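Enquirer: Have a look; sequence and predicted model below, questions after that.
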Amino acid sequence: QKEVEQDPGPLSVPEGAIVSLNCTYSNSAFQYFMWYRQYSRKGPELLMYTYSSGNKEDGRFTAQVDKSSKYISLFIRDSQPSDSATYLCAMTGRTGGYQKVTFGTGTKLQVIP
Amino acid sequence: KAGVTQTPRYLIKTRGQQVTLSCSPISGHRSVSWYQQTPGQGLQFLFEYFSETQRNKGNFPGRFSGRQFSNSRSEMNVSTLELGDSALYLCASSYLTGGTGELFFGEGSRLTVL
């Protein structure tokens, strides 16, 4: 079983829709939670970075962390065609003696005009 | 500020050959991490270097190795290439070690093994 599970999609939504992306994890040592966005033929770029349980909002994006359920979400409001990309959840914690980042496999999102 | 630069961007090798990939981090960043990205497995951690020392290593065979130079530039080497090594290899630099800071990724080196 993977430490981080993420539905690979693809997820196709009409422009203006609310998008919900989710990840579950099994390692209680994870402390920091991130969402990265990766456009085709590009490297991932950081979207959201959270430490504690709760919500964090940045423009049209809201990151939600529920440590008790080991579940994180990214919501995108008023989705735009430019949001079409692969979204990767990532978590930082101590595994095997060292702290490192573990990524989900990514969810491919397509926003249709 | 210049971003993370990876070279080469694309390369084709045959089984049994070896390959060396290069990564120049953002100026001032001392941490460089390497990841392998494939459609089925996503991003898998290879290793992290910080101030020329390997801080952590993922579950990859010994054919995968790396190093970091005093100017923080890093190289990774894959020897005796196998078909399954075909992937996008991403380098990420960070000011902090251990994933506690934001990772800045390069555009990757896409390796095809024939």
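Expert: Received the coordinates, thanks.

Enquirer: where are the low-confidence patches of chain A?
Expert: Low-confidence segments of chain A (pLDDT under 70): A:96.

Enquirer: longest strand anywhere in it?
Expert: strand A:85-95 (DSSP state E).

Enquirer: Can that strand be said to contact chain B?
Expert: Yes - applying CB under 8 Å from any CB of the partner chain, one finds strand A:85-95 touching chain B at A:L88, A:T92. C-beta: built from backbone N, CA, C; applies to glycine.

Enquirer: how far is that strand from where the chain is centred?
Expert: Its chain's C-alpha centre and that of strand A:85-95 lie 7 Å apart, by CA atoms, centre = their mean, to the nearest Å.

Enquirer: Ok, stretch B:88-101 next?
Expert: The answer for stretch B:88-101 is 10 Å, by CA atoms, centre = their mean.

Enquirer: State the mean pLDDT of that stretch.
Expert: On average, the pLDDT along stretch B:88-101 is 85.

Enquirer: Show me which residues of chain A are close to chain B?
Expert: Counting by CB under 8 Å from any CB, the residues of chain A near chain B are A:6, A:32, A:36, A:41-46, A:49, A:88, A:92, A:96, A:98-106.

Enquirer: ok, the spatially most central residue of chain B to chain A distance?
Expert: Centroid check for chain B by CA atoms, centre = their mean gives B:W34 as the closest residue, at 3.1 Å. Distance from B:W34 to chain A, counting by CB to the nearest CB, to the nearest Å: 12 Å.

Enquirer: if I read this right, that residue contacts B:C23, doesn't it?
Expert: Yes - B:W34 is in contact with B:C23 according to CB atoms under 8 Å; the separation is 7.4 Å.

Enquirer: what about A:L11, neighbour count?
Expert: For A:L11, the count of nearby residues is 15 (other CB atoms under 10 Å in any protein chain shown).

Enquirer: what does A:R41 give?
Expert: Neighbours of A:R41 (other CB under 10 Å): 10.

Enquirer: That one: what secondary structure?
Expert: Three-state call for A:R41 (DSSP: H, G, I helix; E, B strand; the rest coil): coil.

Enquirer: Okay, and the beta partners of the spatially most central residue of chain A?
Expert: By CA atoms, centre = their mean, chain A has its centre lying nearest to A:C89, at 3.3 Å. Per DSSP bridges, the residues bridged to A:C89 are A:W35.

Enquirer: quick one: contacts for A:Q64?
Expert: A:G54, A:N55, A:K56, A:I72, A:S73, A:L74, A:F75 (CB atoms under 8 Å, 6 or more residues apart in numbering or on different chains).

Enquirer: what about the residue nearest to the centre of chain B, distance to A:M48?
Expert: 24 Å (CB to CB, to the nearest Å).

Enquirer: three-state assignment of B:G84?
Expert: helix.

Enquirer: Now do the phi/psi pair for the residue lying closest to the residue nearest to the centre of chain B once chain neighbours are set aside.
Expert: The shortest distance from B:W34 to any non-neighbouring residue, by CB to CB, 6 or more residues apart in numbering or on different chains, is to B:L46 (4.1 Å). Dihedral angles of B:L46 (phi, psi; degrees, to the nearest 10) stand at phi -100, psi -60.
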